[in-house]
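S.K.: Curious how this folds, go ahead:
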Amino acid sequence: MNKSATTEAADPSLLIDARIKDLDDWRGKTLARVRALIRQAVPEVVEEWKWRGVPVWSDHGIICTGETYKSVVKLTFAKGASLEDPSGLFNSSLEGNTRRAIDLHESDEVDEHAFKALIKSAAALNRSKAR
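M.R.: The predicted structure is shown next:
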């Protein structure tokens, strides 16, 4: 990503667009897919760009982050330990008292229905704590 695209004044949604385009592989496609699912689940979601290049989705607090690594797209839920996960989507950061994560590898399929339900639950939890 070019330096001008990373300025603080840049629109976070545009920075996420640029990250997806720059990845130009399965990670970009995966990040684009989960982003679309997040927006479907919580249409009022706020996209942010934090910590020098991490996409963040928020609604009255962080819902999750979308970190990209060489072999995984990691979706870290800020309050994941407080969420019900009946479909067992969380597969990383399971030992902590606060966060939980979903690590997606190249060949992984996303259970769209379960993922959107988890996103909705995270947003609802944030809204309940904001009152």
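S.K.: Run the chain-centre distance for the lengthiest helix in the chain.
M.R.: Longest helix in the chain by number of residues (criterion: DSSP state H): helix 112-130. Distance of helix 112-130 from the chain centroid (CA atoms, centre = their mean, to the nearest Å) equals 12 Å.
S.K.: which one's the longest strand in the chain?
M.R.: strand 62-68 (DSSP state E).
S.K.: Which neighbours in the sheet does the helix or strand following it have, and how are they oriented?
M.R.: For strand 62-68, the succeeding helix or strand toward the C-terminus, using DSSP states H and E, is strand 73-77. Sheet pairing of strand 73-77 (DSSP bridges) gives strand 62-68 (antiparallel), strand 100-104 (antiparallel).
S.K.: quick revisit: now do the longest strand of the chain, average pLDDT.
M.R.: Mean pLDDT, computed over strand 62-68, is 97.
S.K.: Would you confirm that residue 57 belongs to a helix?
M.R.: No: assigned with DSSP: H, G, I helix; E, B strand; the rest coil, residue 57 falls outside any helix and is strand.
S.K.: re the thing from before, tell me which of the strands paired with strand 73-77 lies nearest to residue 116.
M.R.: strand 62-68 (11.7 Å; CB to CB). C-beta here means a position set from N, CA and C on the backbone, and glycine is covered the same way.
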